[in-house]
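[1] give me a 3D structure for the following:
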Amino acid sequence: MSKKENLNEEEVKENLENKEDFESKENEEKKEVIEENNKKESINKEENENTNRTDNTNPRKETGFFRKVYNSIVKIEKYPDMAAQGFPKAISYITKLVVILSIVLCLGMVYQTHGLIQEGVNYLQNDFPDFSYKDGILTVNSEEPIIIEDSPVMGMVIIDTITEDENKVNEYIKSIEQAGDGIIVLKDKVKLKNISVTGTIEYIYKDVLSQMQIQEFTKQDVINYANSTQIVNLYISVFITMFVYAFIMYFITTVSNAFLLSIFGYLTTWIAKIRMRYVAVFNMTVYALTLSIILNILYVAVNIFINFNIEYFQVMYVAVAAIYLVAAIFILKGEFIKKQQELMKIAEVEAVVKQQLEREKEEKQEEKKREEEKEERKKKDKEEQKGDDDKSKQEPEGSNA
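    Predicted coordinates for the structure are as follows:
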């Protein structure tokens, strides 16, 4: 009797231990499922954040100037990343390109100025008569007016330091008007005529040269100055003056082109059915102008040595930038579609995994139910067996009585 009770107690303990093991395993499996789901949610969150490539608030790794130039020409797919660095970075980038363009232009102007001065010095030494300046009066040792039909600097040049007849001066002005541009050198002043300006511009020698502290000079003084190191000051002055003018003009022109192209790009985003902020489109437009600006720099550099004109250069300038911008927008659209497809695949995998987990959960519940039923049957069989044993023991005691 005691042995059977001990066996029953051991079986009950064993069943309890098995039940506890089963519950602990089930809890561990539940934890694994929860961790797996959390991991997938974090992956989805990262994927969704990566799709917002045009949001300027996301921190982006900054790229150097020359790397941006390379990416702007060769790697159009990098435009969204560079645009995401913000509007100030885009303006800084375009400013640097305009500075390079202005420097190239100014160096070309200095080079051309040097060539003109050298030609002028040779002309003064070999062909031009002696002259001198003193107390506001220029004197050229020539009895007849000197007329140069086509000078490389000012077009027609008329030098007459003898006449004081205003009618004669008016005839000179009419001659220059017919030629287009020109300069009239008189004894006390110089008159400039430009086709883009109405009337003539007049400079009096005494007013201009007194500010430069020049009271007198001769032909030889001018030649000596042109051949001395002091001419470098003139070159520096020309460079600085032209740089300021060129930078302002090119910067305004480039930003205006970027603004107009960005409107075109913004309309393209509507056609492509891709949502982008205007500032992001403008930033991309700035980088799309890179090749056009570099071509402009090369055009200016070549024109320093070879004088030629490309008739439709401005059209090409805008067309190249527009092609780059449209290509960048459609590449970005392709990336968005690719990301959406990846997200759809992830959603499909999640649905399959979720169904599988639910199916496994149902199977575990059914298995648990079967185990419980099995345990109940075992317990019932043991109780029935115990009752039969008790009954069989009681029957002999009754017969003996």
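
[2] report all helices and strands that the helix or strand harbouring Val238 contacts.
    Using DSSP states H and E, Val238 sits in helix 231-271. Helices and strands touching helix 231-271, as assessed by 3 or more Cβ pairs under 8 Å, 6 or more residues apart in numbering; DSSP states H and E, comprise helix 87-126, helix 278-288, helix 313-400. Every residue, glycine included, has its C-beta placed from N, CA and C.

[3] please compute how far the second one lies from its chain's middle.
    Same thing as helix 278-288. Going by Cα atoms, centre = their mean, to the nearest Å, the spacing between the C-alpha centre of helix 278-288 and its chain's C-alpha centre is 7 Å.

[4] now the next helix or strand after it against helix 231-271, angle please.
    Sequence-wise, the next helix or strand downstream of helix 278-288 (DSSP H and E) is helix 290-305. Angle, helix 290-305 to helix 231-271, by axes from the mean of the first three to the mean of the last three Cα atoms, to 10 degrees: 150 degrees.

[5] can you spell out which helices and strands pack onto helix 290-305?
    Using 3+ Cβ pairs under 8 Å, 6+ apart: helix 290-305 touches helix 65-74, helix 87-126, helix 313-400.

[6] quick check, Lys191 in a strand?
    Yes. Assignment of Lys191 by DSSP: H, G, I helix; E, B strand; the rest coil places it within a strand.

[7] that one contacts Thr200, doesn't it?
    Yes. Between Lys191 and Thr200 there is a contact at 4.8 Å, judged by Cβ atoms under 8 Å.

[8] give me the common contacts of these two.
    Taking Cβ atoms under 8 Å, 6 or more residues apart in numbering as the contact rule, Lys191 and Thr200 both touch Ile173.

[9] flag every buried residue along stretch 93-107.
    Buried residues in stretch 93-107, counting neighbours by 16 or more other Cβ atoms under 10 Å, are found at Tyr93, Ile94, Leu97, Val98, Leu101, Ser102, Val104, Leu105, Cys106, Leu107.

[10] just put those residues in TSV and tack on distance to Lys368 and pLDDT.
    Shown next, in TSV, are the buried residues of stretch 93-107 (distance: Cβ to Cβ, whole Å; pLDDT from 0 to 100):
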residue	distance to Lys368	pLDDT
Tyr93	66	93
Ile94	70	92
Leu97	72	93
Val98	76	93
Leu101	78	91
Ser102	81	91
Val104	82	91
Leu105	85	89
Cys106	87	90
Leu107	87	90
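
[11] just the closest of those to Leu332, please.
    Closest approach to Leu332 among the buried residues of stretch 93-107 (Cβ to Cβ): Tyr93, at 19.0 Å.

[12] correct me, but that closest one touches Asn71?
    No. Using Cβ under 8 Å, Tyr93 is not in contact with Asn71; the gap is 11.0 Å.

[13] common neighbours of the two, please.
    Common neighbours of Tyr93 and Asn71, using Cβ under 8 Å, 6+ apart, are Tyr287.

[14] hang on, the earlier thing: how about the helices and strands packed on helix 231-271 in TSV, adding distance to Ser210?
    Below are the helices and strands packed on helix 231-271 laid out as TSV (distance: least, Cβ to Cβ, whole Å):
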stretch	distance to Ser210
helix 87-126	23
helix 278-288	48
helix 313-400	44
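
[15] just those: most buried one?
    Ranked by mean neighbour count, the helices and strands packed on helix 231-271 are led by helix 278-288 with a mean of 24 (mean count of other Cβ atoms under 10 Å).

[16] angle of that helix against helix 87-126?
    Using the same axes, to 10 degrees, helix 278-288 lies at 30 degrees relative to helix 87-126.

[17] so which elements touch helix 278-288?
    Here helix 278-288 touches helix 65-74, helix 79-83, helix 87-126, helix 231-271, helix 313-400, going by 3+ Cβ pairs under 8 Å, 6+ apart.

[18] that older thread, ok, which of the helices and strands packed on helix 290-305 comes nearest Phe305?
    helix 87-126 (8.4 Å).

[19] which other helices and strands contact that closest one?
    On a contact count with 3+ Cβ pairs under 8 Å, 6+ apart, helix 87-126 meets helix 65-74, helix 79-83, helix 219-227, helix 231-271, helix 278-288, helix 290-305.

[20] okay if I get the helices and strands packed on helix 290-305 as JSON lines plus distance to Tyr205?
    Formatted as JSON lines, those follow (distance: least, Cβ to Cβ, whole Å):
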{"stretch": "helix 65-74", "distance to Tyr205": "48"}
{"stretch": "helix 87-126", "distance to Tyr205": "18"}
{"stretch": "helix 313-400", "distance to Tyr205": "41"}
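
[21] ranking those helices by mean pLDDT, which is last?
    Lowest mean pLDDT within the helices and strands packed on helix 290-305: helix 313-400, a mean of 72.

[22] so Asn71 sits against Pro80, correct?
    No. If you go by Cβ under 8 Å, Asn71 and Pro80 don't touch, sitting 11.1 Å apart.

[23] which ones are touching the residue sitting nearest the centre point of the chain?
    Among the residues of the chain, the one closest to the centroid is Tyr287, at 3.7 Å (Cα atoms, centre = their mean). Tyr287 makes contacts with Lys68, Asn71, Ser72, Tyr79, Met82, Ala83, Ala90, Tyr93, Tyr324, Ala328, as judged by Cβ under 8 Å, 6+ apart.

[24] wait, doesn't the fourth one sit right on Met284?
    Yes. At 4.8 Å, Tyr79 counts as touching Met284 under the criterion of Cβ under 8 Å.

[25] quickly list what's touching both of these two.
    Joint contacts of Tyr79 and Met284 (Cβ under 8 Å, 6+ apart) are Ala328.

[26] quick one, domains of the chain?
    Split into domains by automatic domain parsing, the chain comes to 52-127+220-401, 136-214.

[27] before we move on, back to that, would CSV of the buried residues of stretch 93-107 with distance to Phe131 be doable?
    CSV is the format used below for the buried residues of stretch 93-107 (distance: Cβ to Cβ, whole Å):
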residue, distance to Phe131
Tyr93, 52
Ile94, 48
Leu97, 46
Val98, 42
Leu101, 40
Ser102, 36
Val104, 36
Leu105, 33
Cys106, 31
Leu107, 32
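
[28] and the furthest pair within these?
    Largest pairwise distance in the buried residues of stretch 93-107, by Cβ to Cβ, is 21.9 Å, between Tyr93 and Leu107.
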